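Student: build me a model:
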Amino acid sequence: PVRASSRVCCLLRETETDDLTTPQCLATMEDSRPKKKARKGGNRGSRAGAGGKMKQGGDRKHSSKHDASSKRPAAAANNIGSGRRHSQSRAAEAAALEMLTDAPVSELSPQQRLDLIAELCEAVLEDPDSAFTSAKAMAPSVDGDDDCEEHVIRLPSKVRRIIDMADPRLNGGDMSTARLAMLSLLAVFRDVLPSYRIRLPTEAERSVRVSKDVKKLWDYERNLLEHYQSYLKLLERTWGASAKRLEVGDGATLLSVTAIMCLCELLKSAPHFNFRSNIMGVVVKQMNNRQNDEVSAACCGAMEALFASDGQGEVALEGARMVAKMIKDRNFSVRAEVLRAFLALPLRVHEDEAQAAKLAAEANKKKKKKDRETADIEEEMREGDATVNKITLARAQADTLHSITLTYFRILKADDLSDERVAELLPPALEGLAKFAHLINMDTVVDLLGVLKNMLKRVDNLPLDAGLNCILCAFQTLHGPGQEMQIDQKEYIDPLYSLLPRLSTESDSVNSTELALKCLNGAFIKRREYSTVRAAAFAKQLCTVSMHAPPHTSGPLLAFVRQLFQRYPAMHQLLENEQDIITSGAYTPSATDPEHTNPFASSAWELATLKFHINPAVVYHAKGAAAQRMLQLPAEDPGRIRADLIGNSREGYIAYTMSKKKHPLRAKGGNDKRRRQQYRFITPRETDNYHLK
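Tutor: I've put the predicted structure just below:
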């Protein structure tokens, strides 16, 4: 049945009809049916010839051998016939494809265009060597009225045919076909592009006699670059036409959005290949597209993927410089996501190490000047090696760090920024400085700490995430290259105390809680706090904030309070009764300096109240803090607790403890079988009215 259906389909393609009752279709289906085998003795019901009955003995054996030998040519003839029909169907399909390929795109129906795109893409992937080469054909040329001659013409290549269908100016304005052709070309080029950068041979190299294989490879690479460049020009031209529409006020078309998405995918899949600077220039400009959020998010995602996947650092350096230049040219009027793209950079090299790498590179250059031939051979071997050059990586990462740090400092020191732009750009700039602060040198550390001190003087006017990032950046700097400076961290701890109450009032407390935990960890866990009053003031403040904050904030903060009780045993006075403590003065939580709050004049009574919280996690950590139980790390890490509670809140899951009370008639003790057999009866007592009798 499968062969029969395939032959019917082939016949339908040949006859171009949908009627299965035609004689040709019926004949083909009849031929495809399995035939019955002929019996050795012939048909029992058939009559004998002139000789009457068939001879017995040797004549019967001879006839059976003759029948068997006569079947073999018949079976071979049937196989030859089926093979011919199959080859004819294949030839018909090839002829139909050739007819679609030769016909102009404007004359094809929409379905024929889609079929042609699919067939051409399959042909390109099957044989990429011939897909980028134009074929030759003979076409008749008419000279006068009667003289007809033939001349050679060049037909467009298969990839060129798809590029023409992706251009609305050449396919009759069919936007749907153009969009599908663009996406098909994207898939083709992602599979076909090599993993190296193509360098075309010079005129001197072409004049040298080379082998056929080398010449074939040169021709293939040249044709590949030409078609790839044509495809990139088409994408850039399509998006450029949409950019003009956006300037007027019209929205972007679906075709233009597809074009910019294709550029983003090409940048992520082939950042090493030719024309990457052209693609990067278009993508970087659209990172700050304020008319279309989808385009801006795609471009920022492409640059982040480029930063994260670069192993040598040269491509990331080029992209970071382009983004920094764009921010500077637009006078810092950019989206916050543009600055957050720098966070994907995997910078690991310190500036001092980069300076040593530069000196080593200069020494290598002097050695290369002495021996040019050996240097050229080493350079060629290095290009073919798959390992990462540490000197090149160190220099590239140092230049990248210098570029992004300069951008961050320009944002922090700019005086003409409006309040809206400060609120939008300060958090990502401070977040980036907090991540890369341990890599900068000592001179930059002094300048950075001075800028952060001036900003923390007006910390109440800053957004919560900006203030927390500023404090975190200071702690990261002091724990990294600023350890040798011996600076008192009181100037950065006091603003943190004043920012903690805002965790219970800010709407975006999800991200702010994570930043607050990092700041608290840097202030009291990574370093030793010698002022017990300051640590107790923070513990009392955290307990107060946990009373009013949501569960995903209260749980991690109470877990951190348990850490404080473990690290600073002198704080256990907060867990005693206020009547048993002899102190002077009153607790003043509104003081600016935490050492002036007098926390030991009060007690951590909030823990007793939080034992009745609706969330079991909050109840567990409140009881653990009151009982001075140690945290079981890493299972009870504050950051992990926060992630679990946020996941529960997003999924709508509310955990609760269910308490079961035993029925008063249920027997106590014993196993289950005996409980089922025992019964208890309650005799009602007598009353004066005897109404129970």
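Student: alpha carbons only for contacts and neighbour counts from here, please
Tutor: OK.
Student: can you list the buried residues in stretch 226-234?
Tutor: Residues of stretch 226-234 classed as buried: 227-228, 231-232, 234 (neighbour count, 16 or more other CA atoms under 10 Å).
Student: Asn577: neighbouring residues, count only.
Tutor: 12 (other CA atoms under 10 Å).
Student: hang on, the earlier thing: okay, the buried residues of stretch 226-234 in CSV with distance to Asn454 next?
Tutor: Converted to CSV, these look like this (distance: CA to CA, whole Å):
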residue, distance to Asn454
His227, 56
Tyr228, 52
Tyr231, 52
Leu232, 48
Leu234, 51
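Student: please verify my assumption that Leu456 contacts Asp494.
Tutor: No: with contact defined as CA atoms under 8 Å, Leu456 does not count as touching Asp494 (9.6 Å).
Student: ok, now how distant is Thr258 from Glu236?
Tutor: Thr258 is 11 Å from Glu236, where distance means CA to CA, to the nearest Å.
Student: again, but for Ile614
Tutor: With CA to CA as the criterion, Ile614 and Glu236 are 57 Å apart.
Student: who's more crowded, the two?
Tutor: Neighbours were counted for Ile614 and for Glu236 using other CA under 10 Å; Glu236 has more, 19 against 14.
Student: mind listing what's buried along the helix or strand where that one lies?
Tutor: In the assignment (DSSP states H and E), Glu236 maps to helix 212-248. For helix 212-248, burial by neighbour count (16+ other CA under 10 Å) applies to 218, 220-225, 227-228, 231-232, 234-236, 238-240, 242-243, 246.
Student: coming back round to it: name the nearest of the buried residues of stretch 226-234 relative to Ala429.
Tutor: Among the buried residues of stretch 226-234, Leu232 lies closest to Ala429 (CA to CA), at 33.6 Å.
Student: show me what contacts that closest one?
Tutor: 263, 279 (CA atoms under 8 Å, 6 or more residues apart in numbering).
Student: cool, Gln566 as well?
Tutor: So Gln566 contacts 628, 630 (CA under 8 Å, 6+ apart).
Student: what separation do you get for it and Thr583?
Tutor: For Gln566, the distance to Thr583 - CA to CA - is 24 Å.
Student: Cys519 against Ala474, yeah?
Tutor: No: using CA under 8 Å, Cys519 is not in contact with Ala474, being 9.5 Å away.
Student: low pLDDT regions in the stretch 301-450 of the chain?
Tutor: 351-388, 415-419, 422 (pLDDT under 70).
Student: same thing but 90
Tutor: Within the stretch 301-450 of the chain, the ranges that satisfy pLDDT under 90 run 309-313, 330-333, 346-399, 409-427, 430-431, 433-450.
Student: output the below-cut-off pLDDT ranges for the stretch 51-200 of the chain.
Tutor: For the stretch 51-200 of the chain, counting by pLDDT under 90, the residues that fall below are 51-116, 127-158, 161, 164-165, 168-175, 195-197, 199-200.
Student: which residues in it form strands?
Tutor: Ranges of strands in the stretch 51-200 of the chain, per DSSP state E, counting those that start in this stretch, are 135-143, 147-155.
Student: now do the stretch 251-400 of the chain
Tutor: Using DSSP E, counting those that start in this stretch, strands in the stretch 251-400 of the chain do not occur.
Student: look up how far His552 lies from Ala625.
Tutor: 17 Å.
Student: ok, back up a step: Leu456 and Asp494: which is more packed in?
Tutor: Per other CA under 10 Å, whichever of Leu456 and Asp494 has more neighbours is Leu456, with 20 against 17.
Student: which residues touch that one?
Tutor: Contacts of Leu456 by CA under 8 Å, 6+ apart are 467, 470, 492, 495.
Student: kindly recompute the last result at 7 Å.
Tutor: Pro495 (CA atoms under 7 Å, 6 or more residues apart in numbering).
Student: distance of it from Glu651?
Tutor: Applying CA to CA, the value for Leu456 to Glu651 is 38 Å.
Student: ok, now Leu170?
Tutor: 51 Å.
Student: likewise Val618?
Tutor: 18 Å.
Student: neighbour count for the two, which is higher?
Tutor: Using other CA under 10 Å as the criterion, Val618 and Glu651 rank with Val618 on top: 26 against 9.
Student: and the more buried one, that one's in a helix?
Tutor: Yes: looking at Val618 with DSSP: H, G, I helix; E, B strand; the rest coil, it is inside a helix.
Student: for it, give its distance to Ile327.
Tutor: Per CA to CA, Val618 is found 44 Å from Ile327.
Student: same question, His402
Tutor: 15 Å.
Student: same deal with Tyr568?
Tutor: Here Tyr568 is placed at a distance of 46 Å from Ile327 (CA to CA).
Student: and the two? Which one has more around it.
Tutor: Each of Tyr568 and Ile327 has its neighbours counted (other CA under 10 Å); Ile327 has more, 20 against 17.
Student: how many neighbours does the residue nearest to the more buried one when sequence neighbours are not counted have?
Tutor: If the residues on either side of it in the chain are set aside, Ile327 comes closest to Val334, at 6.6 Å by CA to CA, 6 or more residues apart in numbering. Using other CA under 10 Å, Val334 has 19 neighbouring residues.
Student: cool, Pro481 as well?
Tutor: Neighbours of Pro481 using other CA under 10 Å come to 19.
Student: ok, now how distant is it from Ile525?
Tutor: With CA to CA as the criterion, Pro481 and Ile525 are 19 Å apart.
Student: what of Ser309?
Tutor: Distance from Ser309 to Ile525, by CA to CA: 34 Å.
Student: repeat for Asp465
Tutor: 21 Å.
Student: now do Gly173
Tutor: In terms of CA to CA, Gly173 sits 66 Å off from Ile525.
Student: equivalent analysis for Asp164, please.
Tutor: From Asp164 to Ile525 the distance is 64 Å (CA to CA).
Student: since that was my last question, I'll sign off now.
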